[in-house]
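In: could you work out the structure for the sequence below:
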Amino acid sequence: MKRTIKILLVDDDLRNSLLLKRFIEAEGYAVVYANNGKVGLEMYREERPDLVLLDINMPELNGFELAKIIRAKDKRVIIFFLTDRTDKVDRLYGFSLKGNDYIPKPFYPEELIAKINERFESMTVNQNVEYTLGDTIFRPNLSTLTYQGETHSLSVRQTEILQMLAECLGKPVERDTILEKIWGDASYSNSLALNVQITYIRRLITDPSVSITSIKKKGYILSVDRQ
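Out: Below you'll find the model as predicted:
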């Protein structure tokens, strides 16, 4: 699996980026590198990677701007922000651009590798499962929700969250269970990110019979009103 996965690393810190590139390649991934956002956009269009690792503060085109351009055309590619901009407003903005993870610098390369491995391992599970939620069809393999002929695209992270809820339809799923499985830990920042992603999923569910209910300080229930 790893030999076929292509990663685009976009960061203007040449020395550390080349070290990180070699580290990721040692794990069996194919890595291409761009030293600024403009070159990164060109390489994204040429290479069509599975994952984009984006610094934010870059010349020519910053990471937020690049992510916005990519997401306008590509809902499927995974985007990780790698940055020293750790303020709450920056994290929220990163997730609003449908970023899949927001990793503060400095970080251990092993931490990033673990997140990459987990991401692609989780994507290989239940790829062909289809869920019927009321009159909505949820297809995790396509990251789509279809209702009355209208299809909405979800990010990979939103797909993973919704699939966890769909597998336990009508039953509560604890917040910590979601956080541990998808983010790796139940930290405050990840809990905040989960809140944001749940908000986006609710907006994408247009079937009035389908809802996600919050259980205060506990978790969520995906429900279908069959009446």
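
In: same for the longest helix belonging to the chain, what does it pack against?
Out: With residue count as the measure and DSSP state H as the assignment, the chain has helix 188-204 as its longest helix. In terms of contacts (3 or more C-beta pairs under 8 Å, 6 or more residues apart in numbering; DSSP states H and E), helix 188-204 is packed against helix 88-96, helix 156-167, helix 175-182, strand 210-215. Every residue, glycine included, has its C-beta placed from N, CA and C.

In: distance of the nearest residue to L97 once chain neighbours are set aside from T83?
Out: Ranked by C-beta to C-beta, 6 or more residues apart in numbering and with sequence neighbours excluded, the top spatial neighbour of L97 is A67, at 4.7 Å. From A67 over to T83 the distance is 11 Å, taken as C-beta to C-beta, to the nearest Å.

In: what sits in contact with each of those two?
Out: With contacts taken as C-beta atoms under 8 Å, 6 or more residues apart in numbering, A67 and T83 have L54 as neighbours in common.

In: I'd like the next helix or strand past the helix or strand of the chain with the lowest mean pLDDT.
Out: Ranking every helix and strand in the chain by mean pLDDT, DSSP states H and E puts helix 109-123 at the bottom, with a mean of 81. Along the chain past helix 109-123, the next helix or strand (assigned with DSSP states H and E) turns out to be strand 131-133.

In: contact partners of that next one?
Out: By C-beta under 8 Å, 6+ apart, the list of residues contacting strand 131-133 from outside reads 137-140, 163, 166, 169, 207, 210, 222, 224.

In: for the residue minimising distance to the centre of the chain, grab phi and psi.
Out: Taking C-alpha atoms, centre = their mean, the centroid of the chain lies closest to N100, which sits 2.3 Å from it. According to degrees, to the nearest 10, the main-chain angles of N100 amount to phi -90, psi -20.

In: what of the one 4 residues further on?
Out: Dihedral angles phi and psi of P104 (degrees, to the nearest 10) take the values phi -70, psi 140.

In: any idea of the pLDDT on the residue lying closest to S209 once chain neighbours are set aside?
Out: With C-beta to C-beta, 6+ apart as the criterion, S209 has its nearest non-adjacent residue at 3.8 Å, and that residue is G134. According to the predicted model, the pLDDT of G134 comes to 93.

In: is it true that G134 touches D225?
Out: Yes. Applying C-beta atoms under 8 Å, one finds G134 in contact with D225, separated by 7.5 Å.

In: of the two, which one has the most company?
Out: Regarding G134 and D225, a neighbour count based on other C-beta atoms under 10 Å identifies G134 as having more, with 16 against 10.

In: circling back to that earlier point, S96 is in contact with the residue nearest to L97, correct?
Out: No. With contact defined as C-beta under 8 Å, A67 does not count as touching S96 (10.0 Å).
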